[in-house]
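J.: got a predicted model here, sequence first, then my questions.
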Amino acid sequence: MIVRYLSWDDYFMAIAFLSAERSKDPNRQVGACLVSESGIILGIGYNGFPRGCSDDDLPWAKKSLTGNPLETKYPYVCHAEVNTILNTNHASANGQRLYVTMFPCNECAKIIIQSGVKEVIYFVEKRLDNSDTIYAASRKLLSMANVSVRKHQPEMSQILIKFGER
Ligand SMILES: O=c1[nH]c(=O)n([C@H]2C[C@H](O)[C@@H](COP(=O)(O)O)O2)cc1CO
Ligand SMILES: [Zn+2]
């Protein structure tokens with residue numbers, strides 16, 4: 001019998017996808033998975049409001065009806081990459097890889113670089129509104145800091161998880 005098993009890249013990207021499912025952002029769920037050089041998972045995260053800051057008290061809106069930016073999610077939300085790096089359950093080590101469902105913004109790129117991540121593997125490059133500068137700056141910083149960047153090439157087109165007896 002041939003066993004169908006996941007490649008390492010599909011495995012870690014699938015974990016980033018699964019983690020994204022935890023996000024309460026109604027417009028965009030982002031997930032990430034930080035992996036050591038030897039393939040040990042160091043951290044997992046998704047976009048959400050900071051710990052102790054309730055979704056009941058903060059807005060998920062992209063735009064404010066009154067034009068007040070404090071009535072949108074942007075000043076409050078923690079990006080998936082930042083949560084993942086901060087949630088790491090292990091001392092930092094060389095050669096870390098970060099799997100992300102979406103190409104990181106420039107603010108995340110700074111944190112990725114400073115935390116010692118050596119490679120970013122992303123699934124999609126989404127253009128957010130007026131965001132060209134953000135992604136150009138991100139690419140520039142990652143390249144200057146010698147952080148490799150590559151787009152994930154899935155081997156499996158879908159992974160189905162069924163709860164039940166195995
Ligand atoms: O690098 C990122 N990582 C990340 O987690 N996000 C999150 C923050 C927001 O909750 C959401 C972006 O929302 P929107 O696409 O509606 O503007 O994605 C956004 C970026 C920007 O690329
Ligand atoms: Zn970001």
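T.: Ah, there it is. Numbers count the residues shown, from 1 in each chain. Ligands and ions are numbered 1, 2, ... in the order given.
J.: ranges for the helices of the chain?
T.: 8-20, 80-86, 106-114, 132-144 (DSSP state H).
J.: these: which one's closest to ligand 2?
T.: Of all these, it is helix 106-114 that lies closest to ligand 2, at 3.2 Å by C-beta to the ion. C-beta coordinates here come from the backbone N, C-alpha and C atoms, glycine included.
J.: so, low pLDDT: which residues of the protein?
T.: Residues of the chain meeting the criterion pLDDT under 70: 92, 128-130.
J.: list the contacts of the residue nearest the centre of it.
T.: The structure's the chain has its C-alpha centroid closest to Ala32; by C-alpha atoms, centre = their mean the separation is 3.3 Å. By C-beta atoms under 8 Å, 6 or more residues apart in numbering, Ala32 lies in contact with 16, 19, 44-46, 80-81, 83-84, 98-101.
J.: which residue, other than its chain neighbours, is closest to it?
T.: Thr84 (4.0 Å; C-beta to C-beta, 6 or more residues apart in numbering).
J.: can you check Val77 too?
T.: Val77 sits nearest to Asn47 (C-beta to C-beta, 6+ apart), 5.7 Å away.
J.: and for the one you found, the neighbour number?
T.: Residues lying near Asn47 (other C-beta atoms under 10 Å) number 25.
J.: hang on, isn't it packed against Asn27?
T.: No: proximity of Asn47 to Asn27 does not meet the contact threshold set by C-beta atoms under 8 Å, at 10.2 Å.
J.: what's the spacing between Ala145 and ligand 2?
T.: Separation of Ala145 from ligand 2 (C-beta to the ion, to the nearest Å) stands at 16 Å.
J.: which residues touch the closest residue in space to that residue that isn't next to it in sequence?
T.: Nearest residue to Ala145, sequence neighbours excluded (C-beta to C-beta, 6+ apart): Ile113, at 4.3 Å. Shown in contact with Ile113 (C-beta under 8 Å, 6+ apart): 141-142, 145, 147.
J.: Gln29 now?
T.: Contacts of Gln29 (C-beta under 8 Å, 6+ apart): 20-23, 46-47, 101.
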